[in-house]
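[1] what's the 3D shape of this:
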Amino acid sequence: MATQTQTLTPTNSIPQPMLFKMKFLRAVLYADELTCTIFGILLLFAATPIAEFLGIQNTTFLFLESSGFLQLAGLILLVVAAGVLWAAREEKIDPLKVKIIIALNLGWCVVSWLLLLSQALPLTTAGSWAVLFVSDWVLVVAVAQIWGLRRLRQ
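    Below is the predicted model:
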């Protein structure tokens, strides 16, 4: 009669129902990280054409010309992506880290919508739609993170 030996892996220490619930939240965090990485790289390395597409090529933000500001935003997004990846890769997802990520995502949405509503920037029509599309995507990700976090508590 053969006996089975159970090897201890990091996932063995987490109850199976909790592990299943974490899979969804972890997948959403990875999607958030991937989005931040892609847009961070785009803003960092294609700031000038993006500024022209948005219609802000001759605008100054916080003492930076538009391309420099977009590059700074890209760098910040890459730092955020690293933080989201760190939170997603933990054996047990830390709810506080997820709440911080959700707050950052919702903050991005609010700032985007305020920029659109206030017409503080000379955005082109396509630029306005692009800002709206990105902010709506970020909102969808934030809502999915909220839902995933709530599932962990059940």
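
[2] Please name the residues that touch the most centrally placed residue in the chain.
    In the chain, the residue lying closest to the centroid (Cα atoms, centre = their mean) is Asp32, at 3.9 Å. Shown in contact with Asp32 (Cβ atoms under 8 Å, 6 or more residues apart in numbering): 84, 101, 105, 141, 145. Any C-beta I mention is one placed from the backbone N, CA and C, and that applies to glycine too.

[3] Equivalent analysis for Leu132, please.
    Per Cβ under 8 Å, 6+ apart, neighbours of Leu132: 112, 116.

[4] That one sits in which helix or strand?
    Here Leu132 sits within helix 125-153, counting by DSSP states H and E.

[5] And the buried ones among the contacts of Asp32, selectable in PyMOL?
    The buried residues among those can be selected in PyMOL (16 or more other Cβ atoms under 10 Å) with this line:
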select buried, resi 84+101+105+141+145
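
[6] quick one on the thing from earlier: assign the residue nearest to the centre of the chain to helix, strand or coil.
    Under DSSP: H, G, I helix; E, B strand; the rest coil, Asp32 falls in the helix class.

[7] I'd like the distance between it and Ala47.
    Shown here: Asp32 relative to Ala47, a distance of 22 Å by Cβ to Cβ, to the nearest Å.

[8] before we move on, what about Met22?
    36 Å.

[9] Following element in sequence after the lowest-mean-pLDDT helix or strand in the chain, please.
    In the chain, no helix or strand scores lower on mean pLDDT, DSSP states H and E than strand 60-61, which sits at a mean of 80. The helix or strand immediately downstream of strand 60-61 is strand 64-65, counting by DSSP H and E.

[10] for the next helix or strand after that following strand, what is the average pLDDT?
    Under the assignment DSSP H and E, the closest C-terminal helix or strand after strand 64-65 is helix 66-89. Mean per-residue pLDDT for helix 66-89: 96.

[11] residue ranges with poor pLDDT in the chain?
    1-21 (pLDDT under 70).

[12] Please repeat the previous calculation with a cut-off of 90.
    1-23, 57-64, 91-92, 120-121, 151-154 (pLDDT under 90).

[13] doesn't Lys92 fall inside a strand?
    No. Counting by three-state DSSP, Lys92 is not part of a strand but coil.

[14] who does the one helix or strand Pro49 maps to touch, helix- and strand-wise?
    Assigned by DSSP H and E, Pro49 belongs to helix 47-54. If contacts are counted by 3 or more Cβ pairs under 8 Å, 6 or more residues apart in numbering; DSSP states H and E, helix 47-54 sits against helix 66-89, helix 125-153.

[15] No further questions, thank you.
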